[in-house]
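*Asks:* Fold the following.
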Amino acid sequence: MTTKNRSQGYLLPMVIIFVFISGIIGWSILYLGRSERLASKRRLFREQAFYLAEAGAQRALAYLKANPSWEPEDTPQSLAGGTFSVTRQSQGTNNETIIVTSTGTFKGVEETVELYINSAGGGPRHSSSWGQGLFGSQSVTLANNSVIDSYDSRLGAYGGSNVGQDGDVGTKGSILMANNSTIRGDAFVTGGPGSITMGNGAVITGDKNYNYTFDDPLNDLSAFPVIIPSSLSSLPYPSYGDPRITVNSGSYTLSNGTLTLNNNALITISGGDFRFYRIVMNNNSQLTINNDSRFYIENNFTMNNNTQLIMNSSAEMVLYLGSNASTVFANNSIMNNQSNTPGNFRIYTNSSSGLTLANNAQALNCVVYAPNAIVTLANNSQFYGGIVARNITLANNSLVHYDVSLRDTDFPDDPWDDGGGTSPSLSVIRWRKPNWQQ
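*Replies:* Numbering: from 1, shown residues only. So this is what the prediction gives:
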């Protein structure tokens, strides 16, 4: 065999191998190209399904803002060549949180988003300024072992099964939690994670909302000051011997608007509107309010050691403090609101002088609206109700039990809406994509 024939014998198998390899490569390229096109198309479908889900969720939010009782349709809604389906459910002690789940479908591909929707004021739906347990526009401080939780006064006294996890805390400034302090609820701040500082053993049982946008009135308390009703500010001071003031035992003095209960005095006020310059309750004295009353105290209201302010179970009391007033509830003093409804005793003040519940003071059972004040609950004190203030401090071992019924109660003297019953707009506190990792 010649050299030429041998060369031709090798060439043919090489050509066949080359053609075979080229075919494999070409088929692989075609397969990969087709797979990539399919994957790209599926990614496009997922993206379109996601935007359909988002559109459904935003549509639901718009409808809920117009009508909080709105219910989504039972059938999928068509949009842009696909569909979206929306469901809603309620969550919380009083169904105050609405969870909207929206599923978008495009070319057989599904994506889902969830919106957690609440109203202003630290989260929950509310009809009053006290839609949360504590709101301090500048700060809220919980010292060692202090606790805030919740209960519902409509169900009876705090305790047992009537203890909840809705003790929400809100501020546009900072939340400082010292060792072993506890928020049994959600925390709402506007300034990011750095706005919440937690010491050893401090606990927040609910969500931390770091960039929350507050609606009125909490967004700007200065726009909703306390206004003293002219029907109170124009009253003359009562005089000694006023038939509405009865001595049960002991004695009192009343001069130039200053009402002083002497040590161990038991005094009853039948009810009505009063303007005082100052009220001082000396040691072991008791002041009982029998019927609905409104007090305007221009200067100080002081409850000294072991004193009691007792409100009949059928009485409501509104206490207005003047712009320079200060209030001190001293050791072992008691606010005995016998209705067990904090909203039946309301304290309003524009004063920046502060309000202090001192050591071992028990059962301060009321709501406080003090947009310029520092409210301090001192060592071992207990508070039932809700507080709105500039700064709030819970000292060592102090306890706050937020009454969730305040969310649903419209007070005619609330500086926010002055009894108009205006409902705050709904807002999204959480956006979630359940299948984010898929």
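*Asks:* Tell me where the chain has helices.
*Replies:* Read by DSSP state H, the chain holds these helices, from start to end of the chain: 3-66, 230-233.
*Asks:* avg pLDDT for the first one?
*Replies:* Okay, so that is helix 3-66. Per-residue pLDDT values across helix 3-66 average out to 74.
*Asks:* and what of stretch 149-156?
*Replies:* In the prediction, stretch 149-156 has an average pLDDT of 94.
*Asks:* Other residues contacting it?
*Replies:* Applying C-beta atoms under 8 Å, 6 or more residues apart in numbering, the contact partners of stretch 149-156 are 93-94, 133, 158-159, 162-167, 182, 184-185, 340-343, 384, 400-405. To be clear about C-beta, it is placed using only N, CA and C from the backbone, and glycine gets the same treatment.
*Asks:* Which among the residues you listed count as buried?
*Replies:* By neighbour count, with 16 or more other C-beta atoms under 10 Å, the contacts of stretch 149-156 hold 93-94, 133, 158, 164, 166-167, 182, 184-185, 340-343, 384, 400-405 as buried.
*Asks:* Let's see which of the residues you listed end up in strands.
*Replies:* 182, 384, 400-403 (DSSP state E).
*Asks:* Grab the nearest non-local neighbour of Arg275.
*Replies:* Residue nearest to Arg275 in three dimensions, not counting chain neighbours: Leu235, with 3.9 Å by C-beta to C-beta, 6 or more residues apart in numbering.
*Asks:* wait, what's in contact with that neighbour?
*Replies:* 273-275, 296.
*Asks:* can you pick the most crowded of these?
*Replies:* For the contacts of Leu235, neighbours were counted by other C-beta atoms under 10 Å; the highest total belongs to Tyr296, with 23 neighbours.
*Asks:* so what's that residue up against?
*Replies:* With contact set as C-beta under 8 Å, 6+ apart, Tyr296 has these partners: 228-229, 232-233, 235, 274-276, 320, 322.
*Asks:* Now with 7 Å, please.
*Replies:* Tyr296 makes contact with 228, 232-233, 275, 320, according to C-beta atoms under 7 Å, 6 or more residues apart in numbering.
*Asks:* With Ala373 as the reference, measure out to it.
*Replies:* Note on Tyr296: its distance to Ala373, by C-beta to C-beta, to the nearest Å, is 17 Å.
*Asks:* likewise Gly104?
*Replies:* When C-beta to C-beta is applied, the distance between Gly104 and Ala373 equals 49 Å.
*Asks:* now do Phe214
*Replies:* Plainly put, Phe214 is 19 Å away from Ala373 if you go by C-beta to C-beta.
*Asks:* Show me which of those two is the more surrounded one.
*Replies:* For Phe214 versus Ala373, neighbours defined as other C-beta under 10 Å are more numerous around Ala373 (27 against 24).
*Asks:* burial count for Leu254?
*Replies:* The tally of other residues near Leu254 (other C-beta under 10 Å) stands at 18.
*Asks:* So what pairs up with it in the strands?
*Replies:* Leu254 has the following beta-bridge partners by DSSP bridges: Leu259.
*Asks:* ok, Ile279 touching Asn299?
*Replies:* No. Because the distance of 8.9 Å does not satisfy C-beta atoms under 7 Å, Ile279 is recorded as not touching Asn299.
*Asks:* Pick out whichever of these two has more residues nearby.
*Replies:* Relative neighbour count places Ile279 above the other of Ile279 and Asn299, with 23 against 18, counting by other C-beta under 10 Å.
*Asks:* Reformat the contacts of Tyr296 as JSON lines; add distance to Asn264 and pLDDT.
*Replies:* Shown next, in JSON lines, are the contacts of Tyr296 (distance: C-beta to C-beta, whole Å; pLDDT from 0 to 100):
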{"residue": "Ile228", "distance to Asn264": "33", "pLDDT": "94"}
{"residue": "Leu232", "distance to Asn264": "30", "pLDDT": "95"}
{"residue": "Ser233", "distance to Asn264": "33", "pLDDT": "94"}
{"residue": "Arg275", "distance to Asn264": "27", "pLDDT": "97"}
{"residue": "Tyr320", "distance to Asn264": "28", "pLDDT": "96"}
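*Asks:* Closest one of those residues to Ile245?
*Replies:* Out of the contacts of Tyr296, the one with the shortest distance to Ile245 is Arg275. That distance is 13.7 Å, counting by C-beta to C-beta.
*Asks:* Do I have it right that that closest one meets Ser230?
*Replies:* No. In this structure Arg275 lies outside contact range of Ser230 using C-beta under 7 Å: 11.2 Å.
*Asks:* Can you tell me the number of residues neighbouring Ile25?
*Replies:* If you count neighbours by other C-beta under 10 Å, Ile25 ends up with 10.
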